[in-house]
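> Model the structure of this input:
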Amino acid sequence: MLLAIDTATFRASIALHDGIALRGECTWEAANAHTVTLAAHIADLLRQTEITVTDLKGIAVCIGPGSYTGVRIGMAMAKGLALSQQLPLVGVPTLDILAEGQPPDDRPLYAIFAAGRRRVGYARYQFREGGWHVATEIALASWEELLPRIETPALVVGEIDAPGRKALESLGVTLTLPPAAWHLRRAGFLAEIAWRQLRKRARPGQTEVPAQLVPLYASGQGAG
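Sure thing, here's the model as predicted:
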C-alpha cells in the first residue's frame, strides 16, 4: 500500500494505492490551511479504507514547484512517515502529476500551476512511447508573457483562473482547454507514477533517502 501526498498549491490531494487499484482518494481546496487539514484528511482516509500506517509500503510526495509553504508541509509529512516507518519515499514534480492524467494526443501539452503574484508556472510536454514526457524546463510567466510562447495547435491544462482563461481564449480554435475535471491535479496519478518508480527499484533521482529529498523550485520562484 502506498500513500501519495500533494500539497503543492491551493488544492491538496491524497490517495491510497495498493499497486493495482486506487483504494481511496481525497482532493480539497486547502487554500492556506494545509497544516490544519492534511493530517486530518490522511487519518480520515486511513479510517475509511480500514488501512493502518503499518500497512504502508511506500510514500509518494509532490516536490513542487508550487507554494513555498504548501510544498514544504507535504514534504514534511511524507518524510516523517517514511522515516518513522522506514519506508521508501518517491518525489515527483507538480506538473508531471498533472500530465499523467491527460489522454494521449499528438499536440503539445502545456501544464500549468498557479505560482502567485499573478504568475503561472508551466512546462511543455509531448506524448511519446506511451506517455507524456516533459520537453522544457519549468518556467514562470504572466499570462501575457505565456501566450506568445505557446506553440499552437496545443492543449493547456491546469490551474487556470478567469483572467487566464480569457487570455487563452484569444488564441481561438488553435488552442484546446480540456473539460474541467482534467484540470484537477490528483494524488491518484501521483501514486501511479510512484509505483512505476518503485518497481524500477530506485531509479536515480526518484526514489529518495527521505532526509535528502528537497523541494523543486521554478526559475525565478521565491517564497510565497
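> Does Cys26 touch Ile14 like I think?
Yes. At 5.4 Å, Cys26 counts as touching Ile14 under the criterion of CB atoms under 8 Å. Just so you know, the C-beta spots here come from the backbone N, C-alpha and C atoms, and that holds for glycine as well.
> Overlap of the contact sets of these two?
Here Cys26 and Ile14 share the contacting residues 41, 45, 187, scored by CB atoms under 8 Å, 6 or more residues apart in numbering.
> what's the longest helix along the chain in contact with?
Of all the segments of type helix in the chain, defined by DSSP state H, the longest one is helix 68-85. Helix 68-85 has contacts (CB under 8 Å, 6+ apart) with 3, 5-10, 12, 30, 32, 34-35, 38-39, 42, 53-54, 56, 59-65, 87-89, 91, 210-211, 213, 215-216, 221-224.
> with the shared contacts of Cys26 and Ile14 in mind, which one is nearest to Gln102?
Nearest to Gln102 among the shared contacts of Cys26 and Ile14, counting by CB to CB, is Ala187 at 15.9 Å.
> could you check the distance from Pro108 over to Leu87?
To Leu87, Pro108 is 36 Å away according to CB to CB, to the nearest Å.
> out of everything not next to it in sequence, what's closest to the spatially most central residue of the chain?
The centre of the chain sits closest to Thr94, judged by CA atoms, centre = their mean, with a distance of 3.3 Å. Leaving aside its sequence neighbours, Thr94 sits nearest to Ala8 (CB to CB, 6 or more residues apart in numbering; 4.7 Å).
> That neighbour contacts Gly121, doesn't it?
No. The criterion here is CB under 8 Å, and Ala8 misses it with Gly121 at 10.0 Å.
> and the two? which has more neighbours close in?
Per other CB atoms under 10 Å, whichever of Ala8 and Gly121 has more neighbours is Ala8, with 32 against 28.
> Please, which helix or strand holds that one?
Ala8 is part of no helix or strand, with elements assigned from DSSP states H and E.
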